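the following block contains a protein sequence and its predicted model.
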2 protein chains.
Amino acid sequence: MSSNPVPIARESVLKAYELIKDRVHRTPVITSTSLSTIASTPTEAEQQNADPAPQINLLFKCENFQKIGAFKYRGATHALSRLSDEELKNGVCTHSSGNHAQALALAARERNVKAYIVMPDISAPNKIAGTQGYGAEVVFSGSTAPEREKVLKEVQARTGALFVPPYDHPDIMCGQGTLAVEFLEQAEELGKKLDILVAPCGGGGMLSGVALACHTTGTTVFGAEPSEGGADDASRGLKQGSRIEIVKSLTIADGLRTPVGVKPWSVISNKEYVENVFSVTDEEVKKALQLAVERLKVLVEPSSVVPLATVLYNEEFRHVLRRKAEEKGGSLNVGVVFSGGNVTLARLAELFGGK
Amino acid sequence: MSSNPVPIARESVLKAYELIKDRVHRTPVITSTSLSTIASTPTEAEQQNADPAPQINLLFKCENFQKIGAFKYRGATHALSRLSDEELKNGVCTHSSGNHAQALALAARERNVKAYIVMPDISAPNKIAGTQGYGAEVVFSGSTAPEREKVLKEVQARTGALFVPPYDHPDIMCGQGTLAVEFLEQAEELGKKLDILVAPCGGGGMLSGVALACHTTGTTVFGAEPSEGGADDASRGLKQGSRIEIVKSLTIADGLRTPVGVKPWSVISNKEYVENVFSVTDEEVKKALQLAVERLKVLVEPSSVVPLATVLYNEEFRHVLRRKAEEKGGSLNVGVVFSGGNVTLARLAELFGGK
């Protein structure tokens, strides 16, 4: 990675967007009357409180239609675009079993650079094939963090390839944040100013980048994460006042099992950037996934719908939305990020079969 | 229905589009490098023939994003737009367990007209709820054709509602055909002239409308249907030189179980409009469904991918494409219609679980 990372600031996201905008898809923003109606309808508990029901207008940023099927392509592309051919002459490497693997593989191929991806030998065959399909050399490791690190070090020693981390770097954070630059623009094109933007939080690269992009724009950013098995490390960290460093969760939102990284945390823990982070259960993620796929007709992966689940089912967040809607005269434009769509029908069958 | 149906001609489709274009979604057209590559790659048999491999550029018209999740909304909207308030004063009625039910229900509500939908009492609860959700009165019947007809007659006698058939009427055919008017335009906007357009064929309302829309434009139209249980009535009818009137198939492409109607047949059986109709097995439909959903990240129903399956797996059609590509200098723009996306995750789990 660049030894001269970009400053962690809104300006860096805007510059990142200028650098990469011709290489990424400007993914569509969709709206849905039926999901907005569901979000606006008071829950039973809310009905009993007899609070005035807000009008929530949902807008969805569909990064599932991004290259490689996820927003991760933005960060990898930005990271490489800040490196010279000389710096890249020995290629790039990373460890990932998920979307970052394919993102770096494709971004490297587009730059005519060799990519080495360390993947656990238990990775799903389609993910391995996907990464190889983008021309990367896949190197297998055991599945624990030390085993992975060891193999990565060997690869670096053998090849001299530059390590591109999945989220804990300003170039990656600002690359991911470019999705929010587009989202704000596209909402304006639809005649809607985003009051709120909700983004998923795993390692925090995207949430922090989105928060940087929205800083001083009048759009308030929230994070959303799964609670299963303690994957709600960001909200717990905010409550205890310090970053939680280890998470061992098997939440179905498998892209969000990672604890927040050091640099993303510096943004996410600052209320000026991220007002708060809320969490939802795996059952709520499943309900939101079903609504997203069946109503909107788009394929999204479980991690993708954690923000939507939070809007629909997290009581505390719904209370925040109600309060903000009142301040704005009763209605609120809420932007929700769909982060990716890399899920197989076999996996959906596991999640939704046998009912 | 209008007692003064539109003439069965291209001009009627263009007029239909002027009538309805502000009420229907101009659904997106998407392209895919990966699916185009798969379509262009010779099968094993083709490799042995050592034929030159054509470059097939696939374009997909996504009617799964149409209102109610399927193209059927176009036909219903067009049919109602040709009727006066006086003619509609007692409402409209039909029998359908599928997309036509919801299409007519919503089109009627948009026109402030009452809709009565006769549905078999074994219909899926979500389809019944969907139809009621659009404000229609659902009337249950047995599931055989005579039982259905009897209940429909009772509804008409009781209410005086006008019958709107699902496909066998020029107003419906021309309404469905408006999707091709958009498709040709949108392909041009992408700098691509459609050489070929492949549409699914069940009752034939859409295929005949699409064929009318493309007539004299230089775009050659083909139909695609499932072969399971004899649902390939159109291709069989073309071979024997007469329409097949009865089909009893349980193909997974459940929107295409119907035999072609009389009026659609008058177009489909005319080579000047539809060059030919090809069929695929249910296994091929499943393979195409998996590719469409996993690669394109869009939710489509099994009936929707019959044209894609035909492009990828029907040997005879692939031979036709190869020949046409040669005539055009080696490459061909092939438009494929995705007709709808009304399928539940539970149904996908049935189809793709247990592997």
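It's in.

mind listing what's buried in stretch A:220-238?
For stretch A:220-238, the buried set under the neighbour-count rule, 16 or more other C-beta atoms under 10 Å in any protein chain shown, comprises A:220-228, A:230-238. Using the backbone N, CA and C atoms, a C-beta is placed for each residue, glycine as well.

those residues in strands, which ones?
Residues of these located in strands (DSSP state E): A:220-226.

from these, which two are the most distant?
For those, the maximum inter-member distance is 21.8 Å, found between A:220 and A:226 (C-beta to C-beta).

where do the strands sit along chain A?
Read by DSSP E, chain A holds these strands, from start to end of the chain: A:29-31, A:55-62, A:92-95, A:115-120, A:137-141, A:162-163, A:196-200, A:220-226, A:274-280, A:331-338.

now the fourth one against strand A:137-141, angle please.
Interaxial angle of strand A:115-120 relative to strand A:137-141 (axes from the mean of the first three to the mean of the last three C-alpha atoms, to 10 degrees): 30 degrees.

what's strand A:115-120 in contact with?
Strand A:115-120 has contacts (C-beta atoms under 8 Å, 6 or more residues apart in numbering or on different chains) with A:91-97, A:101, A:104-105, A:108-109, A:127-128, A:131, A:134-143, A:148, A:151-152, A:155, A:159, A:161.

so which residues on chain A come close to chain B?
For chain A, the residues in contact with chain B under the definition C-beta under 8 Å from any C-beta of the partner chain are A:28, A:64-65, A:69, A:289-290, A:293-294, A:296-300, A:341, A:344-346, A:348-355.

quick check on the residues you listed: which are buried?
The neighbour-count test (16+ other C-beta under 10 Å) marks A:28, A:64-65, A:69, A:289-290, A:293-294, A:296-300, A:341, A:344-346, A:348-349, A:351-353 as buried among these.

mind giving me the domain split of chain A?
Under automatic domain parsing, the residue ranges defining each domain of chain A are A:28-65+A:193-352, A:72-163.

from the chain's centre, how far out does the lengthiest helix in chain A sit?
If each helix of chain A is counted by residues according to DSSP state H, the longest one is helix A:170-189. If you compare the mean C-alpha spot of helix A:170-189 with that of the full chain, they lie 12 Å apart, counting by C-alpha atoms, centre = their mean, to the nearest Å.

dump that helix to CSV, keeping only the CA atoms.
Coordinates of the C-alpha atoms in helix A:170-189 are reproduced here as CSV (Å, rounded to 0.1, in the frame of the first residue of the first chain):
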residue,chain,number,x,y,z
PRO,A,170,-7.2,5.4,4.6
ASP,A,171,-6.9,4.7,0.9
ILE,A,172,-9.3,1.8,1.2
MET,A,173,-11.7,3.8,3.5
CYS,A,174,-11.8,6.7,1.1
GLY,A,175,-12.3,4.4,-1.9
GLN,A,176,-15.3,2.7,-0.3
GLY,A,177,-16.7,6.1,0.7
THR,A,178,-17.1,7.1,-3.0
LEU,A,179,-20.3,5.1,-3.0
ALA,A,180,-21.8,7.8,-0.8
VAL,A,181,-20.6,10.6,-3.1
GLU,A,182,-22.7,9.0,-5.9
PHE,A,183,-25.6,8.2,-3.5
LEU,A,184,-26.0,11.9,-2.4
GLU,A,185,-25.8,13.0,-6.1
GLN,A,186,-28.3,10.4,-7.2
ALA,A,187,-30.8,11.2,-4.5
GLU,A,188,-30.7,14.9,-5.5
GLU,A,189,-31.3,13.8,-9.1
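
where does the prediction get shaky in chain A?
Judged by pLDDT under 70, chain A has its weakly predicted residues at A:50-51, A:354-355.

what's the local residue count around the closest residue to residue A:328 other than its chain neighbours?
In space, and not counting its chain neighbours, residue A:328 is closest to residue A:195: 6.3 Å by C-beta to C-beta, 6 or more residues apart in numbering or on different chains. Summarising burial for residue A:195: neighbours were counted as other C-beta atoms under 10 Å in any protein chain shown, giving 21.

same question for residue A:192.
Look at residue A:192: counted by other C-beta under 10 Å, it has 16 neighbours.

leaving out the residues flanking it, which one is nearest to it?
Among residues not flanking residue A:192 along the chain, residue A:333 sits closest, at 4.6 Å (C-beta to C-beta, 6+ apart).

that neighbour touches residue A:187, doesn't it?
Yes: shown here, residue A:333 and residue A:187 form a contact pair, counting by C-beta atoms under 8 Å, at 6.7 Å.

what is in contact with those two at once?
For the pair residue A:333 and residue A:187, residues contacting each of them under the criterion C-beta under 8 Å, 6+ apart are A:59, A:193-194.

who wins on neighbours among those residues?
Ranked by neighbour count under the definition other C-beta under 10 Å, the shared contacts of residue A:333 and residue A:187 are headed by residue A:194 with 25 neighbours.

what about that residue, distance to chain B?
Summarising the geometry, the distance separating residue A:194 from chain B, computed by C-beta to the nearest C-beta, to the nearest Å, is 22 Å.

identify the bridge partners of the residue nearest to residue A:192.
According to DSSP bridges, residue A:57 are recorded as the beta-bridge partners of residue A:333.

and it, what is it in contact with?
With contacts defined as C-beta under 8 Å, 6+ apart, the neighbours of residue A:333 are A:57, A:59, A:187, A:192-196.

that one and residue B:261, how far apart?
As defined by C-beta to C-beta, to the nearest Å, residue A:333 lies at a distance of 45 Å from residue B:261.

one more: residue A:295?
Note on residue A:295: its distance to residue B:261, by C-beta to C-beta, is 31 Å.

one step back: and the contacts of strand A:115-120, which are buried?
A residue is treated as buried here by neighbour count (16+ other C-beta under 10 Å); on that basis the buried members of these are A:91-97, A:101, A:104-105, A:108, A:127-128, A:131, A:134, A:136-139, A:141, A:148, A:151-152, A:155, A:159, A:161.

can you add distance to residue B:255 and give the strands of chain A back as CSV?
As requested, those are exported to CSV (distance: least, C-beta to C-beta, whole Å):
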stretch, distance to residue B:255
strand A:29-31, 24
strand A:55-62, 26
strand A:92-95, 44
strand A:115-120, 40
strand A:137-141, 41
strand A:162-163, 51
strand A:196-200, 35
strand A:220-226, 36
strand A:274-280, 35
strand A:331-338, 27
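
among these, which is nearest residue B:84?
Each of the strands of chain A was checked against residue B:84 via C-beta to C-beta, and the shortest separation belongs to strand A:29-31, namely 33.2 Å.

flag every buried residue along that closest one.
Neighbour counts over strand A:29-31 (16+ other C-beta under 10 Å) mark A:29-30 as buried.

what's the answer for stretch A:9-16, then?
Buried residues in stretch A:9-16, defined by neighbour count with 16+ other C-beta under 10 Å: A:10, A:12-16.

over to stretch A:247-261?
By 16+ other C-beta under 10 Å, the buried positions in stretch A:247-261 come out as A:247, A:249, A:251-261.

quick check: the gap between the residue of the stretch 51-200 of chain A found nearest chain B and residue A:343.
Nearest residue of the stretch 51-200 of chain A to chain B (C-beta to the nearest C-beta) works out as residue A:64 at 4.7 Å. Between residue A:64 and residue A:343 the computed distance is 9 Å (C-beta to C-beta).

ditto for residue A:148
As judged by C-beta to C-beta, residue A:148 and residue A:343 stand 23 Å apart.
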